[in-house]
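Novice: My questions are about this predicted structure, shown below with the sequence.
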Amino acid sequence: MELTGLCNSTVSRWIRYLHVSTPEVRNLVYIYEWTRTGDRGNWAACWKFGYAMSDAPKPKALSSGQYSKRWRARKVKESQITVTDKGIKHVLK
């Protein structure tokens, strides 16, 4: 969008208009993949030009068990004792 000089709302409006798929009008753009920065955050659609192409499936949200497992793995990696120049500050459990 920075390359074109158009604002986000204008580009979004045109993408929605070109992505409409009805029996009379076929879509001119499609979602070829979903990306996100890092391992967290919202999924963003990556668009390509293609007449009547089908969209890539959107990734499913994590279940509560998967969230818990990821949180526990992150907690194990953190240090259990914080040592400062004045001694032990606190112990995480």
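Specialist: Cool, the structure landed. Predicted model only: the values in this text are computed from it and were never measured. Numbers count the residues shown, from 1 in each chain.

Novice: Just the strands from this protein, written as ranges.
Specialist: Ranges of strands within the chain are 29-35, 44-49, 81-84, 87-91, based on DSSP state E.

Novice: Please identify the buried residues of the second one?
Specialist: Within strand 44-49, the residues scored as buried using 16 or more other CB atoms under 10 Å are A45, W47. For glycine as for every other residue, the C-beta is placed from the backbone atoms N, C-alpha and C.

Novice: Check the first one too.
Specialist: The neighbour-count criterion (16+ other CB under 10 Å) identifies V29, Y30, I31 as the buried residues of strand 29-35.

Novice: Nearest spatial neighbour of the second one, chain-adjacent residues omitted?
Specialist: Counting by CB to CB, 6 or more residues apart in numbering, Y30 lies nearest to M53, which is 4.0 Å off, once chain neighbours are set aside.

Novice: I'd assumed L28 was in contact with the one you found.
Specialist: No. If you go by CB atoms under 8 Å, M53 and L28 don't touch, sitting 9.3 Å apart.

Novice: just to revisit the earlier point, and the strands of the chain, which one averages the lowest pLDDT?
Specialist: Mean pLDDT values for these show the minimum at strand 87-91, a mean of 65.

Novice: And the contacts of the longest helix anywhere in the chain?
Specialist: Assignment by DSSP state H gives helix 64-77 as the longest helix of the chain. Contacts with helix 64-77, where a contact means CB atoms under 8 Å, 6 or more residues apart in numbering, come from L62.

Novice: Let me see the mean pLDDT of it.
Specialist: Mean predicted lDDT for helix 64-77 stands at 81.

Novice: any idea how far that helix is from the chain center?
Specialist: Taking CA atoms, centre = their mean, to the nearest Å, one finds the center of helix 64-77 at 19 Å from the center of the full chain.
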